[in-house]
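Engineer: The following block contains a protein sequence and its predicted model.
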Amino acid sequence: MRRFFGLLSGDARSDRVVPPSGTTSHLTLFVAAAMGFLAVFALALAMTADRVADRWSDAQSQSATLRISGDAEQREARTAAVLDILGETPGIASSRPLTAEEQAALLAPWLGDDLPLGDLPLPQLIEVIAERPGYDTDALQQRLNDEVPGAVLDDHSGWRAPIVDAARGLRRLGVISLLLITGTMAATVTLAARATLAANAQVIEVLRLVGAEDRFVAGAFVRRLTVRALVGSGAGMVLGVLAVLLLPPGGETQGFLTEIGFGGLGWLAPLAVPVVTAVVAFVATGVAARQKLAEFS
Amino acid sequence: MRRFFGLLSGDARSDRVVPPSGTTSHLTLFVAAAMGFLAVFALALAMTADRVADRWSDAQSQSATLRISGDAEQREARTAAVLDILGETPGIASSRPLTAEEQAALLAPWLGDDLPLGDLPLPQLIEVIAERPGYDTDALQQRLNDEVPGAVLDDHSGWRAPIVDAARGLRRLGVISLLLITGTMAATVTLAARATLAANAQVIEVLRLVGAEDRFVAGAFVRRLTVRALVGSGAGMVLGVLAVLLLPPGGETQGFLTEIGFGGLGWLAPLAVPVVTAVVAFVATGVAARQKLAEFS
Amino acid sequence: MIELEQVGFDYGGGALFGDVSLSLPAGSFHFLTGPSGSGKTTFLKLCYGALNPTKGRILAFGDDVAAATRDDMATLRRRIGVVHQDCRFLDHLPVADNIALPLTVSGRDLAQEQQNLTDLLGWVGLSERADAYPAELSGGERQRAALARAVILSPDVIIADEPTGNIDWDMSQRLLRLLVDLNSMGKTVLIASHDMSLIRAAKSEVQARVLRISNKQVQLAGADL
Amino acid sequence: MIELEQVGFDYGGGALFGDVSLSLPAGSFHFLTGPSGSGKTTFLKLCYGALNPTKGRILAFGDDVAAATRDDMATLRRRIGVVHQDCRFLDHLPVADNIALPLTVSGRDLAQEQQNLTDLLGWVGLSERADAYPAELSGGERQRAALARAVILSPDVIIADEPTGNIDWDMSQRLLRLLVDLNSMGKTVLIASHDMSLIRAAKSEVQARVLRISNKQVQLAGADL
Ligand SMILES: Nc1ncnc2c1ncn2[C@@H]1O[C@H](COP(=O)(O)OP(=O)(O)OP(=O)(O)O)[C@@H](O)[C@H]1O
Ligand SMILES: Nc1ncnc2c1ncn2[C@@H]1O[C@H](COP(=O)(O)OP(=O)(O)OP(=O)(O)O)[C@@H](O)[C@H]1O
Ligand SMILES: [Mg+2]
Ligand SMILES: [Mg+2]
């Protein structure tokens, strides 16, 4: 680490001996930038999918509906009993019987608003809000079966599973892309470092011939290439973040990918991209420089 | 085009004058492979999202529900009227009143199975299946309002919009990634070509000095680099397709991203990746070679 | 063969030549001398079109060199064999292939020229090093290989820049004899050299004229040689 | 300074030297001659450690060169100034910076050495070309710059490979005088050259000995010089 920062701080003397620029160095800069850009994208994808998967699986465990049937009296007694049980169940944040109006609203799509439901022995619905990590659905249902006849728990998993699943698939895809891009980035920066060193074989030879020590020669190249990778991927990262910000908004409705981006502290994550790139470049260039130097006596 | 294939077919004589390999050439190969790999991934993402978005927006326009209220007699007359209207409406494939059992099943989550619904003047539900491109929802609702009191159309858009929206967002993301990766690929191949030419400045100089014509020198490099880009991105493409095939399957449930990949003829799409790369490399190398050659008299 | 008409040249830091008019007729044999840095290499580059004069014009085989297209220039290079001061080769090809390079780029049939190549390798004393790579050659061997490459196409004009700078006396004499032989076959020869003893030795064998660069002029040297 | 003990060397295609024992004492002045391709450059490379002998051993300043670590080698290079036959430079730095390169890599204070650098540029006749880039130098100017670079650190040993191959007679004499002066200050000098007239001229100025490579041996030349 100290060596890393020591190197980056620079040494004007040995910096001058490396040619200032050239196509291969542009290549290093550009590849670092491109990879930084793509990495930010993959990161945004993975983090968004993560957020969405979390929210939907939260939603799933947080909100469930309990249906209590029976005639009016039974319903009242059972509701009280169920509310007691729910109160004792660990992992439940709150529970609340729905009012008649709320229940009617739920049924409206199927029955319309004008049906005289008041006469009907409609089941009582109870909204159950879970805590994190949530309660044991099966155990609760079991206890209800035992103690309160006619109480059925519906945790909406049937409805929401596909969406959670999709979000999880997306997250997996984002993570895989991120790994791929990081790997590509590392390999490309390594190769670019090697190409730069190969292109500068004559510089290295001349330096060795006039009595430069390995650390002087390697230092000059490692510093130059690390800075280049840092600057390149930093620029790519900034462009990537801008691009994520400028992504055309989704539709009118609030779909879960209309909000692609980083949430809150997540905005700090892209900062890791240039850091990782620089560290990779530092190590790769160091190894490549030592290998290249060994070719010259 | 003929020039393209003519060049690829090769000329042993001018091929020999280009150094067989080197770090910069490995870089070209590798960058082409990496970009080919990533492009296949982005392509898979975009095409999967496309398929999903299509299916869900199809589902949306294809299946809608009509609710007809009123007492038993009114319902029967109105149902007949509605079915007539639906029969006349262009863009509707079929329509069918739901049976009492089907309606009960729909309500079960809210009301339980044991409620005596038979007594109740339940609205009649009609399933409407649209054709592609579908019918004009607003016009239909307007006509129903005018002609059949108590008939309400619910095209489920409220329910499905977020998912369609998500799939569309994903498709947009995939297309953007694809554009980015193609752009990166083109830029990197161009830079790699330039780096190769720069690394071979001495070869070019020697060839010009002994009287080689521009087309001989450029041909040797263009062919070499184009083949390298083709081979590299071809290998990357194959690896990418394998990786897509080997993607860990989603969950147990059938989420829409568990099926990432190419459908049917879609499997031919990745073949475009090496072709595009080779064409880009061909053009980029040609331009770079002409620029480089102009440096030598 | 090569004519200079009031040629001036300037790299940007002051004129190297002011106003040079000169003609190298077909079949002539010229030496070019002058102190280090006086512009010998520059003069040769003007002659084979690697540089364009900043003033005046140069005709090679009757055509203005400055007006040549790039393909014309390639053709010109095949008619003028050049030994450069810093002899460069393709490092990935063996010496024999490097010497045969002008044949390769001009599309000649290499099989037919095999005997020519073998003879030439013998002449410059590289028969045993034919399969070596340029990086494995000694300084003098490089110069000899460069000379062989310059003459393999049997060009009309041969221009050599210090072809014996790194070569011992015996070998220099031998290379000189090769050039004299080519000259007697009608080739035009122009050699830049600072080696006075070589020039003196040549004058005993061939009707050679000596050009000297001084005071921004290229002039025939007087009787002091 | 430099001692060879039963040294043999072989690039792989047959021995260049069989069994050379030789000592270059401090303050001595040696020439090395031999035909092109006889192994002069190879011999010099052995002396400054760019090659390791395949037989025997070489001591520089008392230490076995083959046993030197890479950092020892860097230190050795600063004590031995070398003019290579193909003088290479850093093309992106001007001539003055290239000549000062040994100062740079050994961490000397460039400001303090400014006078030294200016004097040296004057000696090799490059004062006016100090700001030019290596690609803009003539062949002889490159060799002179290489010589200046070799001596700027005031090394104990100076090894030069054909330092006057591309240089006219007057300038050769001047460079020779620089080397003679350095030798009279106690430096050891070893010069490979095929230029007999230069060697003869030197023998009139300094107690120089001539080594000749023949029959895989490096021997003191006899009275024929
Ligand atoms: N590309 C260039 N740009 C600027 N100046 C140059 C360039 N090439 C050569 N010069 C300068 O022009 C002058 C003449 O150079 P040239 O190489 O023609 O000399 P020369 O007579 O061949 O010398 P030598 O005998 O040392 O090879 C020199 O002072 C040199 O520094
Ligand atoms: N790296 C190498 N690999 C194989 N053979 C080599 C290598 N370097 C030189 N040689 C061969 O070894 C022999 C001696 O080479 P060297 O460069 O020492 O000769 P030299 O005496 O310096 O010649 P010159 O006067 O022409 O410079 C030559 O025949 C050369 O071809
Ligand atoms: Mg010259
Ligand atoms: Mg040599």
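Structural biologist: All right, it came through fine. Ligands and ions are numbered 1, 2, ... in the order given.
Engineer: Check whether the biggest helix by length in chain C comes near chain D.
Structural biologist: Criterion DSSP state H: the longest helix present in chain C is helix C:169-184. Yes: Helix C:169-184 is in contact with chain D by Cβ under 8 Å from any Cβ of the partner chain, via C:169, C:170, C:171. Where C-beta positions appear, they are placed from N, C-alpha and C, glycine not excepted.
Engineer: Give the buried subset of the residues you listed as a ChimeraX selection command.
Structural biologist: What follows is the ChimeraX syntax selecting those of those that are buried according to 16 or more other Cβ atoms under 10 Å in any protein chain shown:
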select /C:169,171
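Engineer: For the residue in chain C that chain A sits nearest to, the count of nearby residues, please.
Structural biologist: As assessed by Cβ to the nearest Cβ, chain A sits closest to residue C:91 within chain C, at 11.1 Å. Residues near residue C:91, counting by other Cβ atoms under 10 Å in any protein chain shown, number 13.
Engineer: now the one 10 residues further on
Structural biologist: Neighbourhood size, residue C:101 [other Cβ under 10 Å]: 23.
Engineer: ditto for the one 3 residues further on
Structural biologist: The number of residues packed around residue C:104, counting by other Cβ under 10 Å, is 20.
Engineer: Could you do residue C:175 as well?
Structural biologist: Burial measure for residue C:175: 23 neighbouring residues, criterion other Cβ under 10 Å.
Engineer: what do you get for the one 10 residues further on?
Structural biologist: Residue C:185 sits with 9 neighbouring residues when counted by other Cβ under 10 Å.
Engineer: follow-up on the earlier one: check contacts around the residue of chain C closest to chain A.
Structural biologist: B:19, B:202, C:133, C:134, C:135 (Cβ atoms under 8 Å, 6 or more residues apart in numbering or on different chains).
Engineer: Which ChimeraX command selects the buried ones in these?
Structural biologist: The ChimeraX command for the buried members of those (criterion: 16+ other Cβ under 10 Å) is given here:
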select /B:19 /C:133,134
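Engineer: any idea of the mean pLDDT for the longest helix of chain C?
Structural biologist: Average pLDDT, helix C:169-184: 89.
Engineer: Report the angle between the helix or strand that comes right after it and helix C:169-184.
Structural biologist: Next helix or strand after helix C:169-184 toward the C-terminus (DSSP states H and E): strand C:188-192. Using axes from the mean of the first three to the mean of the last three Cα atoms, to 10 degrees, the direction of strand C:188-192 lies 150 degrees away from that of helix C:169-184.
Engineer: so the following helix or strand past strand C:188-192 versus helix D:169-184, what angle?
Structural biologist: Sequence-wise, the next helix or strand downstream of strand C:188-192 (DSSP H and E) is helix C:196-203. Per the same axes, to 10 degrees, the angle that helix C:196-203 makes with helix D:169-184 is 150 degrees.
Engineer: close to chain D, is helix C:196-203?
Structural biologist: Yes: judged by Cβ under 8 Å from any Cβ, helix C:196-203 and chain D are in contact via C:196, C:197.
Engineer: mind listing what's buried in that helix?
Structural biologist: Buried residues in helix C:196-203, counted by 16+ other Cβ under 10 Å: C:196, C:198, C:199, C:202.
Engineer: same deal with stretch A:289-297?
Structural biologist: For stretch A:289-297, the neighbour count (16+ other Cβ under 10 Å) marks A:289, A:292, A:293, A:296, A:297 as buried.
Engineer: Also stretch A:143-156?
Structural biologist: A:143, A:144, A:148, A:150, A:151, A:152, A:153, A:154, A:155.
Engineer: if you skip the residues just before and after it, what's nearest to the fifth one?
Structural biologist: Taking Cβ to Cβ, 6 or more residues apart in numbering or on different chains, and ignoring the residues beside it in sequence, residue A:151 has residue A:144 as its nearest neighbour in space, at 4.5 Å.
Engineer: Do you know the pLDDT at the one you found?
Structural biologist: 80.
Engineer: How about the contacts made by it?
Structural biologist: Counting by Cβ under 8 Å, 6+ apart, residue A:144 makes contact with A:66, A:82, A:85, A:151, A:152, A:153.
Engineer: list the contacts for residue 141?
Structural biologist: This is for chain A. Residue A:141 touches residue A:153, counting by Cβ under 8 Å, 6+ apart.
Engineer: you looked at the wrong chain, it should be chain C
Structural biologist: Contact analysis of residue C:141 by Cβ under 8 Å, 6+ apart lists C:126, C:129, D:36, D:37.
Engineer: I'd like to know which of the contacts of residue C:91 is nearest to residue B:265.
Structural biologist: residue B:19 (41.9 Å; Cβ to Cβ).
Engineer: Now that that closest one has come up, it's in contact with residue B:197, right?
Structural biologist: No: using Cβ atoms under 8 Å, residue B:19 is not in contact with residue B:197; the gap is 11.8 Å.
Engineer: What's the local residue count around residue A:73?
Structural biologist: Residue A:73: 8 neighbours (other Cβ under 10 Å).
Engineer: Let me know the pLDDT of it.
Structural biologist: For residue A:73, pLDDT reads 79.
Engineer: Now it: phi and psi?
Structural biologist: phi -60, psi -50 (degrees, to the nearest 10).
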